[in-house]
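Student: no letters, just coordinates:
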């Protein structure tokens, strides 16, 4: 085995080793999820030699340099943070928007709408690149396949999902089978599979290339409104339901692997951490829970919110989670050690419907029914900036991978890009 | 609790439990649908703008929770009315009785609605709105224009009203509560 090259992965922090084995070039990813601005780079380098045969003292200098660069990246936002200004207002659809998403580079974004289409936008120019039309009813959920972003999946109230080529606008596959509205749809990490969640109480698994149904997951007793593949292998699928439970499924079997029970109200969102070890769930019972994905046990319940919890997310490295609630606040928790509350974000005047961390983790973005989006210092909970301008409730938001652009979608039928 | 996010739409989309009804409010633009909705929810009706989409409000009436969906009526968005048909318990159609020129247009739109499969057998309430205006046709004449007496496949009612001050609105809702279809 011979080491050829280092590649850096910024979010979450990691290095990728490109090496030669018996004449074949291979890659190996090493996660450095606990890397932060206080890390000692030399110690980490030493630890890496001990664990990884490909790394030797000979490459010490390069390795340390890589680690320094990654370390800088985790703190590059700093406490002062970047300021965002309205960059483009996209007059997107004639009817209300639903969900929005960025591609990995942040150069394109997609919007779903009640006008039965999904549109692909060029973020730099604000121009519409393609309209993905064909659905017979509301396009509710939209997603790119990461990291290549050469496919889009849409879930519609017409009870189907579709796979599209965003470059040509062509529909590549139609995913049929649900008997209720499709309200969640995602690609697996390798982009070969797609999963859908529906108001018909089931989730389904499809072959992305052919559109064939591969699995129907039956077990929930109410609507399946949230789902997520494990980000690594892509063999586990996590679903959240209005029945108050979270289920874990295997892509190779239709039987349920486990059920995470404990919430006393509907699930509003589920997330899986980057290393697939943790599942976070938000519920209308006013609590959020953290689960061990393998043993299916509840590690922690946080019940600091005084009203329904509407959204949950992990930071990219899976070190913290954030929750958003109808009680107008957002909260950040440590998920690696003691599940301590790290920060409380107060200032919104109405419910906080969605939250996400900046990729480097220094900032939390929240959007609210009070028509504003806010940026918070994720460590202190201080409000850094209020993004105002929307004329209706904001219910959708996303950060670009580079952390340099934000998209917000509102009931005012516009989508705004902030830079 | 005001709860306006996407999750709310999913909650309202659920197959309704007993004692919870889905009412669909349709009609041409400027018929007074949003004013009617606000009147039902006892909200200020002075600042109503054209609806580019929809509004949802929940109203309690006679022990029922009525989830009322008010859908924009502009011509370019009428083709999307069908998005909202699923699981409708009662169809409410609002007519501007002072707009004589568009009586034919409104009756054509209604006829098309009544032919849709998803709205088959759904009870129909027509609000003959804007009765306070001198040029308004009486409800009986509007019924004639709409051909309501030819309807055989569902129960229907026409109710004269003034959405801006609430006259007749309550009477219409009482009819709604009496004519709730039995849930499957």
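Tutor: Okay, I see it. As the structure is a prediction and not an experimental result, all values here were calculated from the model.

Student: could you point out the helix or strand that follows the longest helix along chain B?
Tutor: If you go by DSSP state H, chain B has its longest helix at helix B:103-115. Using DSSP states H and E, the helix or strand that follows helix B:103-115 in sequence is strand B:124-129.

Student: show the average pLDDT along that following strand.
Tutor: The pLDDT scores in strand B:124-129 average 97.

Student: list the buried ones in the longest helix of chain B?
Tutor: The neighbour-count check on helix B:103-115 (16 or more other C-beta atoms under 10 Å in any protein chain shown) flags B:103, B:106-107, B:109-110, B:113-114 as buried. Yep, even glycine has a C-beta here, placed from its N, CA and C like the rest.

Student: hmm, stretch A:259-273 touching chain B?
Tutor: Yes - Stretch A:259-273 reaches chain B (C-beta under 8 Å from any C-beta of the partner chain) through A:266, A:268.

Student: relative to the whole chain's centre, how far out is that stretch?
Tutor: When C-alpha coordinates are averaged (C-alpha atoms, centre = their mean, to the nearest Å), stretch A:259-273 and its chain have centres 16 Å apart.

Student: in the lowest-mean-pLDDT helix or strand in chain A, what's buried?
Tutor: Ranked by mean pLDDT, DSSP states H and E, the weakest helix or strand in chain A is helix A:60-75, scoring a mean of 86. In terms of neighbour count (16+ other C-beta under 10 Å), helix A:60-75 has its buried residues at A:63, A:66-67, A:70-71, A:73-74.

Student: residue of the stretch 301-419 of chain A with the smallest distance to chain B?
Tutor: Per C-beta to the nearest C-beta, residue A:353 is where the stretch 301-419 of chain A lies closest to chain B, at 3.7 Å.

Student: that residue reaches residue B:9, doesn't it?
Tutor: No - counting by C-beta atoms under 8 Å, residue B:9 is not a contact partner of residue A:353; they are 11.4 Å apart.

Student: the two - which one has more neighbours?
Tutor: residue A:353 (27 against 19; other C-beta atoms under 10 Å in any protein chain shown).

Student: so how far is the helix or strand where that one lies off the chain centroid?
Tutor: Assigned by DSSP H and E, residue A:353 belongs to strand A:352-357. Its chain's average C-alpha position is 11 Å from that of strand A:352-357, according to C-alpha atoms, centre = their mean.

Student: after that strand, next one along is what?
Tutor: Downstream of strand A:352-357, the next assigned helix or strand under DSSP H and E is strand A:363-368.

Student: and the angle for the strand or helix carrying residue B:176 with strand B:124-129?
Tutor: Per DSSP H and E, residue B:176 falls inside helix B:169-178. Our comparison of helix B:169-178 with strand B:124-129, counting by axes from the mean of the first three to the mean of the last three C-alpha atoms, to 10 degrees, yields an angle of 180 degrees.

Student: for helix B:169-178, packing partners?
Tutor: Helices and strands touching helix B:169-178, by 3 or more C-beta pairs under 8 Å, 6 or more residues apart in numbering or on different chains; DSSP states H and E, are helix B:33-40, strand B:54-61, strand B:64-71, strand B:90-96, strand B:124-129, strand B:156-160.

Student: do that again at 6 Å, thanks
Tutor: strand B:124-129, strand B:156-160 (3 or more C-beta pairs under 6 Å, 6 or more residues apart in numbering or on different chains; DSSP states H and E).

Student: most packed of those strands?
Tutor: Across the helices and strands packed on helix B:169-178, the average number of neighbours (mean count of other C-beta atoms under 10 Å in any protein chain shown) peaks for strand B:124-129, which reaches a mean of 26.

Student: angle of it against helix B:33-40?
Tutor: Here strand B:124-129 runs at an angle of 100 degrees relative to helix B:33-40 (the same axes, to 10 degrees).

Student: who's in contact with residue A:283?
Tutor: The contact partners of residue A:283, taken as C-beta atoms under 6 Å, 6 or more residues apart in numbering or on different chains, are A:263, A:265, A:267, A:309.

Student: residues near the third one, how many?
Tutor: Around residue A:267 sit 29 other residues, with neighbours defined as other C-beta under 10 Å.

Student: for it, phi and psi?
Tutor: Note on residue A:267: backbone dihedrals following degrees, to the nearest 10 are phi -80, psi 140.

Student: ok, it to residue A:291 distance?
Tutor: As for residue A:267, its distance to residue A:291 is 12 Å (criterion: C-beta to C-beta, to the nearest Å).

Student: and for the two, which residues touch both?
Tutor: In contact with both residue A:267 and residue A:291: no residue, using C-beta under 6 Å, 6+ apart.

Student: doesn't residue B:131 belong to a helix?
Tutor: No - applying DSSP: H, G, I helix; E, B strand; the rest coil, one finds residue B:131 to be coil, outside a helix.

Student: what's near enough to touch it?
Tutor: Each residue near residue B:131 by C-beta under 6 Å, 6+ apart is listed here: B:160, B:162.

Student: 7 Å instead, please
Tutor: Contacts for residue B:131 (C-beta atoms under 7 Å, 6 or more residues apart in numbering or on different chains) come out as B:97, B:160-162.

Student: and chain A, which of those reach it?
Tutor: Residues of the contacts of residue B:131 in contact with chain A (C-beta under 7 Å from any C-beta of the partner chain): none.

Student: run a quick neighbour tally on the residue nearest to residue A:276 when sequence neighbours are not counted.
Tutor: Nearest residue to residue A:276, sequence neighbours excluded (C-beta to C-beta, 6 or more residues apart in numbering or on different chains): residue A:230, at 4.0 Å. If you count neighbours by other C-beta under 10 Å, residue A:230 ends up with 22.
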